[in-house]
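**Student:** Provided below are the primary sequence and the corresponding predicted coordinates.
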Amino acid sequence: METRTAECRPFGQLNRGDSVDCITLRNGALSASILTLGATLQGLVVPDRAGEPADIVLGHDDPQAYLDHACYLGSVVGRYANRIAGGRFSLDGQPCQVDVNNGPNSLHGGTGGFHQRIWQVAGLTADPVPQVTLCLDSPDGDQGFPGQLRGSATYRLHEDRLELVLEAVSNAPTIVNLTGHAYFNLAGQAAGRDISGHHLEIAADSFLPVDATAIPNGPPQPVAGGWFDFTRPRRVGAGLEGGDDPQLALGHGYDHDFVLRAGRQPEPAFAARLSEPESGRVVEVWTTEPGLQFYTGNFLPDGLAGKGGATYGRRGGLCLEPQTHPDTPNRPEFPPCRLAPGQIYRHRILYRFSSDAGA
Ligand code: GLA
């Protein structure tokens, strides 16, 4: 049997008429399913410590469900992942106003962000590594963002890791911040357990405290000794259940950007390690970007219909979203997010899979 395959098949149709395709990449024990809608990671099958496979990301079987619920399950989000205060910023002295869709702020590129678009398959191959490249053209003024932007998302499935490369070029100065918004549940998306029992380590000594609208409102705050200290692995539920940090109340749980020790650099660096003791599954996240949004699925609606009859609810999955820090266009002290014509924006993310031996 062929261990490396890459195939594209019809997935379904949206109420607005668009057809959605699904690309499935297989390599040994791993498989990844990616939709042309939102360049969405719809499924990710990974073995546990006994070799038992399970799908470890939340998703839908019906493409329309991705548009009906603004949860961003597995989508590539852009043009600007995370929030911009008031949807306002100035670029080279020019005021810009982008779509406001999250209280007073712009979130994940606005109401009609990249997660809602049909991306074009620009390359699909099984050899030597199963991979697909999806492309998206975003016109000048799209959701208020300046410049005509061409974005791409390449998923590459190696034997022990999934690589996601996000790239963009623009014909005029603009801003960009692309990431993958997978919700992980390493017990399996259909296991019916929330993520409280997962253990997490984050390679960050500080995080960005936020205001009531989730905009960072001060300098990075050291994590040492507090509920945001993931410098050593700890159970995610500990802070969710017993955390008395006011930031946990403001975020309705964890929904904060961590300042990664490695900063921005050309090769992916270790950002986080997530493990689930019962299955033994482990995912490490590596990135070239300086921030990691850790979000514990606080706004996932109870009763949300998932794949294969699964039902999700609050805390049914957690996100580890590598990215440029939130509200960077208004924060000159953060690593910049400006993209000039002739430059290539490139963000590389690795999700590395392994298993723990167990107790
Ligand atoms: C991000 C945000 C959260 C939430 C989710 C999507 O992780 O930080 O506040 O909006 O996306 O529901």
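**Tutor:** Thanks, I have the structure now.
**Student:** where does the stretch 201-350 of the chain get nearest to the ligand, which residue?
**Tutor:** Proximity of the stretch 201-350 of the chain to the ligand (CB to the nearest ligand atom) peaks at Tyr295, 3.6 Å away. Quick note: C-beta positions are derived from backbone N, CA and C, even for glycine.
**Student:** how much space between Phe334 and Ile175?
**Tutor:** Per CB to CB, to the nearest Å, Phe334 is found 12 Å from Ile175.
**Student:** show me what from the stretch 201-350 of the chain comes close to the ligand.
**Tutor:** Ala214, Asp255, Gln293, Tyr295, Phe299, Cys319, Glu321 (CB under 6 Å from any ligand atom).
**Student:** now the third one, what's its secondary structure?
**Tutor:** This points to Gln293. strand (DSSP: H, G, I helix; E, B strand; the rest coil).
**Student:** which one is it nearest to, not counting chain neighbours?
**Tutor:** Glu321 (4.1 Å; CB to CB, 6 or more residues apart in numbering).
**Student:** what strands line up against the helix or strand containing that neighbour, and which way round?
**Tutor:** Element membership of Glu321 [criterion: DSSP states H and E] is strand 318-323. Applying DSSP bridges, strand 318-323 is found paired with strand 183-184 (antiparallel), strand 291-295 (antiparallel).
**Student:** for Val210, find the nearest of those.
**Tutor:** strand 291-295 (10.8 Å; CB to CB).
**Student:** dump that closest one to PDB, restricted to CA.
**Tutor:** Taking Å, rounded to 0.1, in the frame of the first residue of the first chain, the C-alpha atoms of strand 291-295 are listed here in PDB:
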ATOM      1  CA  GLY A 291       3.800  35.600  19.700                       C
ATOM      2  CA  LEU A 292       1.500  32.600  20.600                       C
ATOM      3  CA  GLN A 293      -2.200  33.200  21.300                       C
ATOM      4  CA  PHE A 294      -3.300  30.500  23.800                       C
ATOM      5  CA  TYR A 295      -7.100  30.300  23.800                       C
END
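**Student:** contact partners of the strand holding Glu321?
**Tutor:** Contact with strand 318-323 is made by 77, 81-82, 177-185, 195, 198, 200, 236, 254, 257, 260, 271-272, 274, 285, 287-289, 291-297, 347, 349, as judged by CB atoms under 8 Å, 6 or more residues apart in numbering.
**Student:** elements contacting the helix or strand that that strand is followed by?
**Tutor:** Using DSSP H and E, the next helix or strand after strand 318-323 towards the C-terminus is strand 338-339. Counting contacts by 3 or more CB pairs under 8 Å, 6 or more residues apart in numbering; DSSP states H and E, strand 338-339 packs against strand 161-170, strand 174-175.
**Student:** I'd like to know which of those lies nearest to Phe145.
**Tutor:** strand 174-175 (6.0 Å).
**Student:** what packs against that closest one?
**Tutor:** So strand 174-175, by 3+ CB pairs under 8 Å, 6+ apart, packs with strand 88-91, strand 338-339.
**Student:** hmm, try it at 6 Å
**Tutor:** The criterion is 3 or more CB pairs under 6 Å, 6 or more residues apart in numbering; DSSP states H and E, and there are no helices or strands that strand 174-175 contacts.
**Student:** quick one, helices of the chain?
**Tutor:** 63-68, 236-242, 246-250 (DSSP state H).
**Student:** how about the last one: buried residues?
**Tutor:** To tie it back to what came earlier, the one meant is helix 246-250. Gln247, Leu248, Leu250 (16 or more other CB atoms under 10 Å).
**Student:** got it, and the second one?
**Tutor:** Neighbour-count burial for helix 236-242 flags Val236, Gly237, Gly239, Leu240 (criterion: 16+ other CB under 10 Å).
**Student:** same check, this time on stretch 129-149
**Tutor:** 130-136, 138, 142-149.
**Student:** again with stretch 251-266
**Tutor:** Gly251, Gly253, Tyr254, Asp255, His256, Asp257, Phe258, Val259, Leu260, Ala262.
**Student:** include pLDDT when you put these into TSV, please.
**Tutor:** Supplementary listing: these in TSV, determined by pLDDT from 0 to 100:
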residue	pLDDT
Gly251	94
Gly253	97
Tyr254	98
Asp255	98
His256	98
Asp257	98
Phe258	98
Val259	98
Leu260	98
Ala262	98
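**Student:** among the residues you listed, which pair sits farthest apart?
**Tutor:** Gly253 and Ala262 (25.6 Å).
**Student:** mind listing what the residue positioned nearest the centre of the chain touches?
**Tutor:** The centre of the chain sits closest to His181, judged by CA atoms, centre = their mean, with a distance of 2.2 Å. By CB atoms under 6 Å, 6 or more residues apart in numbering, the contact set of His181 is Tyr72, Ser75, Val77, Glu321.
**Student:** now do the closest residue to it other than its chain neighbours against the ligand, distance only.
**Tutor:** Among residues not flanking His181 along the chain, Tyr72 sits closest, at 4.2 Å (CB to CB, 6+ apart). The gap separating Tyr72 from the ligand is 5 Å, by CB to the nearest ligand atom, to the nearest Å.
**Student:** identify the residues contacting Leu136.
**Tutor:** So Leu136 contacts Arg117, Trp119, Gly151 (CB under 6 Å, 6+ apart).
**Student:** cheers, nothing more for now.
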